[in-house]
Every structure is written in C-alpha cells, then in structure tokens.
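>>> Need coordinates for the below:
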Amino acid sequence: MRAQNRLTHLQLGELEAAKEKEVMQGYRGIRELCAGMMGRDEKYEREWMVEAEKLVEMVRETRNSFLTSRSNPFRVMFPNHGKKQKGDGG
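Coordinates of the predicted model:
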C-alpha cells in the first residue's frame, strides 16, 4: 500500500474524463432550462438554480482535488515538481 493517497496518471485521466462528462451533462441541462427561465417561469428558474448550484459544487470538489501553494503548485498533477536538481546550469 502506498504511503500517500496519490492518483496514477491513468487514474487522474479517468477521473478527469468522468468529471468532464458530468459537467457537460449539467451544462446541457442548464441550456435546456434557459429558454423557460428567460420566459420568467418560476419552475424553470428553480430548476436552473439547482443545476447551476450542482455545477458550482463540482468546481469546488475539483478545486479541492488539486491543492496548490506558492512553493509546490499542482501537488496532485506533478508530485515530484519540487525535487528538481539545483545544478542544471540554468
């Protein structure tokens, strides 16, 4: 078992594809509700807000998956980023 919970490159790609599919489905749902919402139908407005909140939550979940800092950006994507050799001549 690995000491840290890190995703492999393949797992990360699969997660990204699944999240992208989920977001695109949500976006299509919002676009379908848009015409009714513009017609000032409260039912469509409520449904639109629920779907929009779901998309916002997806962004928050994704953002939390990719913690960054000034010294170590994109820890999950590039776990060895901070381990560069100092004497590379550049």
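>>> Report how many residues lie close to Thr8.
Per other Cβ atoms under 10 Å, the neighbour tally for Thr8 reads 9. Quick note: C-beta positions are derived from backbone N, CA and C, even for glycine.
>>> Would you mind finding the longest helix in this protein?
helix 9-38 (DSSP state H).
>>> Could you pull up the contacting residues of Thr62?
Lys19 (Cβ atoms under 8 Å, 6 or more residues apart in numbering).
>>> Over to Tyr27?
Leu55.
>>> quick one: it and His9, what's the gap?
26 Å (Cβ to Cβ, to the nearest Å).
>>> buried set for the longest helix of the chain?
26, 29-30, 33, 37 (16 or more other Cβ atoms under 10 Å).
>>> ok, the residues you listed vs Lys19, which is closest?
Gly26 (10.6 Å; Cβ to Cβ).
>>> Local confidence estimate at the closest one?
Gly26 carries a pLDDT value of 90.
>>> Same question for Gly90.
pLDDT at Gly90 comes out at 47.
>>> for Met58, same thing?
At Met58, pLDDT is 87.
>>> ok, now which ones touch Ala35?
Tyr44.
>>> can you do 10 Å?
Counting by Cβ atoms under 10 Å, 6 or more residues apart in numbering, Ala35 makes contact with 41, 44.
>>> Any stretches of the chain with poor pLDDT?
1-4, 64-90 (pLDDT under 70).
>>> at 90 instead, please
1-17, 19-20, 23, 32-45, 58-90 (pLDDT under 90).
>>> Check which helix or strand Glu47 maps to.
In the assignment (DSSP states H and E), Glu47 maps to helix 42-65.
>>> Thank you, goodbye.
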